[in-house]
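> Sharing a model prediction with you, sequence too.
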Amino acid sequence: MTDTFGLPPIFAETPLALVDAHQITEFPVNTFLESIVIGPGGALFVTSHLEGKIFRIEAERLPVVHAAIAGKATGLAFTAAGNLLLTAWNDKDVPTVFTISPQGEATVLITMPDAIFLNGLTPLMGDRYLIADSYRGAIWELNTTEKTVRIWLEHPDLARSSSDSEFPAVNGLKIYGDVLYASNTEKMQLVKIPIQLDGQPGEPEIFLQPVNLDDFAFDQDGNLYGTTHIYNSVIKITPDGCMTTIAQAAQGMSGSTALAFGQGDDRTNLYVVTNGGMSLPPSTGLESAKVMRLDIGIAGHPLI
């Protein structure tokens, strides 16, 4: 059984508990907003994948170009020093990690010719970060001080069902407690990977399926909020695996790709970026890409 878009109706029976949604800003049709992080001062930093740009959105809500690379931009994370890490492809289509200074200067940190499709990234501990490789079916460990990478985990639970599939496998990465959560979008699975005391991975297990997740974030109680991308929604998943849909296309979620909780007094708001349905156009046609704010009423969990 499939819905009108040819997708399995995996959220058809998911209860609705829609929250208030507010548009922050929008971008032209065919803008693929891919990732979002929020700085200590509350500025939003958003990647435009195909343009290779990072936009900064501050109180006036007008996006300005913070940095640009000759290539394609994917995931973002802040370092303790206040720089941004950016997973990307360079102008020769080689997977690359860039460092972006607070002034917007982009510098190559490391090229990764053995990687295929760098995607989400998250802090592990100290100067170590984890990066999803959506087509290799692996998670890399990056040491920003030593400028080295190594395979942290390569496992079937992180891989695609077939190398012919264009959908990304391991995609979003976030740590809650002593567990790394990883979305496998292609397999519609959410995977849990225990983190050992030395920062190495334990044995993965499938926490929830079927669930189509791209990026996600946790609140302080361990509830997960995730973008469903081609399903045009944001869902909430409780620690025991119960799902609720909190925003849909009517709330501006067409092509929802990534989200992040605000900082400080803003931590009860969830900021979502979209691509307007570029990956699977709505029946009504492509929409503008948007940055939306969802009023959750529960504070987000601070990242390590």
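The structure has been received and is ready for your questions.
> Break the chain down into its domains, please.
When the chain is parsed into structural domains using automatic domain parsing, the resulting residue ranges are 1-30+232-304, 34-231.
> Reformat those as JSON lines; add mean pLDDT and mean neighbour count.
Placement of C-beta: from N, CA and C, glycine included. Formatted as JSON lines, the entries for the domains of the chain read as follows, by pLDDT from 0 to 100; neighbours: other CB atoms under 10 Å:
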{"stretch": "domain 1-30+232-304", "mean pLDDT": "91", "mean neighbour count": "17"}
{"stretch": "domain 34-231", "mean pLDDT": "97", "mean neighbour count": "19"}
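> The residue most central in space within the chain and residue 225, how far apart?
Centroid-nearest residue in the chain, with CA atoms, centre = their mean: residue 215, separated by 3.2 Å. Between residue 215 and residue 225 the distance, using CB to CB, to the nearest Å, works out to 10 Å.
> got any residues that touch both of those two?
Between them, residue 215 and residue 225 share these contacting residues under CB atoms under 8 Å, 6 or more residues apart in numbering: residue 259.
> And the strands in the stretch 151-300 of the chain?
Residue ranges of the strands in the stretch 151-300 of the chain, as given by DSSP state E, counting those that start in this stretch, are 170-176, 179-184, 189-194, 205-208, 216-218, 224-227, 234-237, 243-247, 256-261, 269-274, 288-295.
> Can you get me the centre-to-centre distance for the second one and its chain?
Okay, so that is strand 179-184. Relative to its parent chain, strand 179-184 has a centroid offset of 11 Å by CA atoms, centre = their mean, to the nearest Å.
> Just checking: what are the partner strands of that strand?
For strand 179-184, sheet partners with direction are given as strand 170-176 (antiparallel), strand 189-194 (antiparallel), following DSSP bridges.
> In contact with the closest residue to residue 241 other than its chain neighbours, which residues?
Ranked by CB to CB, 6 or more residues apart in numbering and with sequence neighbours excluded, the top spatial neighbour of residue 241 is residue 208, at 5.2 Å. Applying CB under 8 Å, 6+ apart, one finds that residue 208 lies in contact with 189-190, 237, 241, 243.
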